[in-house]
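K.L.:
next come a sequence and a model predicted from it.
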Amino acid sequence: MERYSKITNKNQREIVLLKSRPCVWGKCRFCDYIHDNSQNMEEMVALNREVLGCVTGEFGVLEVINSGSCFELPMQTLEDIRRIVQEKNIGRLFFEAHWIYRSRLDEMRKFFGIPITFKTGAETFDYDFREKYLNKHADFKDAAELSRYFDSPCLMVGIQGQTKEMIQYDVECLKKYFKLGTINVFTNNSTDVKRDDALVEWFMREYAYLQQDPTVEVLYENTDFGVGD
């Protein structure tokens, strides 16, 4: 499992994949990422401290991800991140949080005292597909509402049942309401959600220009940020 990497093309930053307590929701239909969590606090803190020891501050920006939301990281790990931020002169953090935590984001901003770009797994702005099929438990009405809380949505494309029209609408909303965003091309995993290869091929042709868009990061594989397995 790779837990430290550098992103050197768009929005240059260091990135760490840390261990946390189980995701507060943990019932998204498409997700088996939640297996990378623990209830062993001592083990988590030790592993996370080792990973954070790789951070150099080279870009002045650090992204921290885990199998859930930043609020599920141990408090000791949050304190270790804050220490690294101060020691390495980090000027901005990237964190991810579930919609459930939308009213608590300022707690993190106050704790770290530097700007934080908050990502969230929106998956799609099609409400019915997101809630009734993907079981995301993120009941925002539209992209405008989501943008009032979060800075950067993570979208997913290439799922059976998804349509070209859904993807077109999602990309339009991403560009209209957000300064940054990530698009994940779905890959089959242990869940019953399946990849639509024809839809993926269409997306890769239709939206190839996004590779040159500095505001959108397209991940064709789960490990394209250099962390995970």
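P.N.:
Everything's here; your move.

K.L.:
show me the shaky parts of the chain.
P.N.:
Along the chain, segments meeting pLDDT under 70 span 34.

K.L.:
gap between the longest strand along it and the chain center?
P.N.:
Using DSSP state E to define each element, the chain has its longest strand at strand 116-123. Relative to its parent chain, strand 116-123 has a centroid offset of 6 Å by Cα atoms, centre = their mean, to the nearest Å.

K.L.:
just the C-alpha atoms of it, please, in CSV.
P.N.:
The C-alpha trace of strand 116-123 is given here as CSV (Å, rounded to 0.1, in the frame of the first residue of the first chain):
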residue,chain,number,x,y,z
ILE,A,116,-8.3,24.3,3.6
THR,A,117,-9.7,23.1,0.3
PHE,A,118,-12.5,20.8,1.2
LYS,A,119,-13.3,18.0,-1.2
THR,A,120,-16.4,15.9,-1.0
GLY,A,121,-17.6,12.8,-2.8
ALA,A,122,-20.6,14.1,-4.7
GLU,A,123,-20.3,11.3,-7.3
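
K.L.:
and that strand, what does it pack onto?
P.N.:
Of the remaining helices and strands, those touching strand 116-123 by 3 or more Cβ pairs under 8 Å, 6 or more residues apart in numbering; DSSP states H and E are strand 92-96, helix 105-112, helix 143-147, strand 152-157. Every residue, glycine included, has its C-beta placed from N, CA and C.

K.L.:
right, and the ones you listed - which one's nearest Glu43?
P.N.:
Closest to Glu43 of the helices and strands packed on strand 116-123 is strand 92-96 (Cβ to Cβ; 21.8 Å).

K.L.:
okay, that closest one in CSV with CA atoms only?
P.N.:
Output of strand 92-96 as CSV, limited to C-alpha atoms (Å, rounded to 0.1, in the frame of the first residue of the first chain):
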residue,chain,number,x,y,z
ARG,A,92,-2.7,25.1,2.4
LEU,A,93,-4.3,21.7,3.2
PHE,A,94,-6.7,19.6,1.1
PHE,A,95,-9.1,17.4,3.1
GLU,A,96,-12.1,15.3,2.2
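
K.L.:
that one vs helix 105-112, what angle?
P.N.:
Taking axes from the mean of the first three to the mean of the last three Cα atoms, to 10 degrees, strand 92-96 and helix 105-112 form an angle of 140 degrees between their directions.
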